[in-house]
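Chemist: Give me a model of this one.
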Amino acid sequence: MSNKALEYVGSRISAENLTGFCARVMQAFGLSADHARQTAEVLVTTDTWGTHSHGTRQLLPLMHNVRKGGLFADAEPQVLTDGPGFAVVDGNYAMPMVTSRFAMQAAMDKARTAGIAYSAVRHSGHFGAAGYYAVMAAEHDMIGISMTNADICMTVPGARSSVMGTNPIAYAVPAGKERPVFLDIATSVVAISKVIAAKTAGKPIPEGWLVDERGLPTTSTDTYPDKGAVLPMAGHKGYGLALLVEILTGVLTGASFLSGIKRWLAPEPEPADEGHAFLAVNVESLMPLDQFKSRMDAMIDEVRSAPKAEGSDRIYLPGEMEWERRDAALRDGLQLPDYVLINLFAVAEQTEKTDELIALLKKE
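Modeler: Residues are numbered from 1 along each chain as shown. Sure thing, here's the model as predicted:
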């Protein structure tokens, strides 16, 4: 880590300053101010939730893709065809966060009249945290679902090598006096970043995370990722869910699927052609909004009031921890992990305005 980066270890950075830094970096790589700001908002929001694996640490590899031609700084997503309850969007390899916001907004707009709508995206790349787009719908009193396929790195029952990606899926549901309930999960048993972190630290991993080149369980990361694969969560259940995501995001959208997807983290990345799917359900099409929110609050109260296990003093709803982390981050600033700071400083140093950009991170 550089001496400049060391100055920020343990310090707090305001979400506003971090957003400005990320946006300015992306503009230095050729993105428009609008696309840079949209992408920065997705990445920083993800960091405020505490999901640093998919937050601003992704800025470095995303800009690597822009520089190498895996993404196009001046591209715009467009609707290819649509109907009352659907839209097919060509991302044209624009910034995937911009394309994903565009597609979810299209689904929400159509759901206002159709009741439920689906947006299919082709020709895109790594879109970050699926939960962001689901929450977009919840913040407009709709139920949101988002998902994406990914380059293959996960095996399936009976196979000995990678067959599909970790294929994340997320949902978000509005409530009344409570914050939206939301869940964002990969369909693998563990995030790839945790396996890589163990490998970097030279530590073994728990059994049940990885199989070797023979398809047998292993606690060693010595040959990963060149050989071996992560396992799906809950065995055949995670496999089945991942396959549904592959169908809705790859097969049905017209995007690439399974081995056809290119690795966005490759040293010389090509356009990945990942596919995304976004669904929006307009609650008011089914029942009065106040009634739905009241029912959601009642459901949340019942879950929270369930008898506690010994040693437990609280039951969390999905997303509740993330909302509390976000509140604290917006109030007190973000304390970013070292590996995030390393990536932020590394990408700033690839521009001609390194010192000027780094200065934006200072908390006022």
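Chemist: List the buried residues in stretch 238-249.
Modeler: 238-239, 241-243, 245-246, 248-249 (16 or more other C-beta atoms under 10 Å). Yep, even glycine has a C-beta here, placed from its N, CA and C like the rest.
Chemist: Give me the neighbour count for T354.
Modeler: T354: 17 surrounding residues under other C-beta atoms under 10 Å.
Chemist: And for L18?
Modeler: 26.
Chemist: ok, now T155?
Modeler: Per other C-beta under 10 Å, the neighbour tally for T155 reads 22.
Chemist: Could you chop this protein up by domain?
Modeler: 10-68+336-359, 78-187+232-285, 190-230 (automatic domain parsing).
Chemist: Helices along the chain, start to end?
Modeler: Listed in chain order, the helices of the chain (DSSP state H) span 3-6, 15-28, 33-48, 59-68, 96-114, 130-138, 192-201, 236-246, 289-304, 320-332, 338-348, 354-359.
Chemist: Low-confidence regions, the stretch 1-150 of the chain specifically.
Modeler: Scanning the stretch 1-150 of the chain for pLDDT under 70 picks out the ranges 1-7, 9-10.
Chemist: okay if I get the buried residues of stretch 238-249 as a markdown table plus pLDDT?
Modeler: Putting those into a markdown table (pLDDT from 0 to 100) gives the following:
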| residue | pLDDT |
| --- | --- |
| G238 | 98 |
| Y239 | 98 |
| L241 | 98 |
| A242 | 98 |
| L243 | 98 |
| V245 | 98 |
| E246 | 98 |
| L248 | 98 |
| T249 | 98 |
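Chemist: closest to A159 among those?
Modeler: Y239 (9.5 Å; C-beta to C-beta).
Chemist: Now do the contacts for the closest residue to K177 other than its chain neighbours.
Modeler: In this structure, K177 finds its nearest non-sequential neighbour in D297, 5.6 Å apart by C-beta to C-beta, 6 or more residues apart in numbering. When contacts are counted by C-beta atoms under 8 Å, 6 or more residues apart in numbering, D297 is found next to 175-178.
Chemist: Now do the buried residues in stretch 22-41.
Modeler: 22-29, 31, 35-41.
Chemist: which of those lies closest to R57?
Modeler: Nearest to R57 among these, with distances taken as C-beta to C-beta, is C22, at 10.9 Å.
Chemist: I'd like the distance between the closest one and G228.
Modeler: C22 is 34 Å from G228, where distance means C-beta to C-beta, to the nearest Å.
Chemist: Nearest to A306, out of the domains of the chain?
Modeler: domain 78-187+232-285 (15.5 Å).
Chemist: Can you give me the end-to-end span of that closest one?
Modeler: Start and end residues of domain 78-187+232-285 are separated by 27 Å (C-alpha to C-alpha, to the nearest Å).
Chemist: What of stretch 183-193?
Modeler: End to end - C-alpha to C-alpha - stretch 183-193 spans 19 Å.
Chemist: ok now that stretch, how far from the chain's centre?
Modeler: What separates the centre of stretch 183-193 from the centre of its chain is 10 Å, taken as C-alpha atoms, centre = their mean, to the nearest Å.
Chemist: pLDDT on it, on average?
Modeler: Stretch 183-193 carries an average pLDDT of 92.
Chemist: do stretch 294-311 as well
Modeler: In this model, stretch 294-311 has a mean pLDDT of 97.
Chemist: Pull out the buried positions in that stretch.
Modeler: 296, 300.
Chemist: cool, stretch 197-210 as well?
Modeler: Using 16+ other C-beta under 10 Å as the test for burial, stretch 197-210 gives 198-199, 205, 209-210.
Chemist: Do me a favour and get the backbone dihedrals for the most centrally placed residue in the chain.
Modeler: Geometric centre of the chain, nearest residue: A129, 1.2 Å, by C-alpha atoms, centre = their mean. Dihedral pair for A129: phi -90, psi 120, per degrees, to the nearest 10.
Chemist: That one is in contact with T51, isn't it?
Modeler: Yes: counting by C-beta atoms under 8 Å, T51 is a contact partner of A129 at 5.7 Å.
Chemist: Overlap in contacts, these two.
Modeler: D184.
Chemist: Let me see the contact set for the residue nearest to T218 when sequence neighbours are not counted.
Modeler: In space, T218 comes closest to D212 once its chain neighbours are excluded; the distance is 4.4 Å by C-beta to C-beta, 6+ apart. Taking C-beta under 8 Å, 6+ apart, we find D212 in contact with 218, 220, 223, 227-228.
Chemist: Pull up the gap between D212 and K68, please.
Modeler: Counting by C-beta to C-beta, the gap from D212 to K68 is 31 Å.
Chemist: Could you do S100 as well?
Modeler: 21 Å.
Chemist: which of these two has more neighbours?
Modeler: Using other C-beta under 10 Å, the more surrounded residue of S100 and K68 is S100, with 29 against 13.
Chemist: Please list all residues in contact with that one.
Modeler: 42, 121, 124, 127-128, 132-133, 146, 276, 278.
Chemist: Next: G254.
Modeler: Counting by C-beta under 8 Å, 6+ apart, G254 makes contact with 88, 120, 122, 275.
Chemist: Top of those by number of neighbours, please.
Modeler: Counting neighbours by other C-beta under 10 Å, the top entry in those is G275, with 29 neighbours.
Chemist: Make sure that one is actually in contact with L258.
Modeler: No: contact criterion C-beta under 8 Å: G275 and L258 do not qualify, at 11.1 Å.
Chemist: Kindly reformat the contacts of D297 as JSON lines and extend each row with distance to R12, pLDDT and neighbour count.
Modeler: Listed next are those as JSON lines, based on distance: C-beta to C-beta, whole Å; pLDDT from 0 to 100; neighbours: other C-beta atoms under 10 Å:
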{"residue": "A175", "distance to R12": "30", "pLDDT": "98", "neighbour count": "19"}
{"residue": "G176", "distance to R12": "33", "pLDDT": "98", "neighbour count": "15"}
{"residue": "K177", "distance to R12": "30", "pLDDT": "97", "neighbour count": "10"}
{"residue": "E178", "distance to R12": "28", "pLDDT": "97", "neighbour count": "18"}
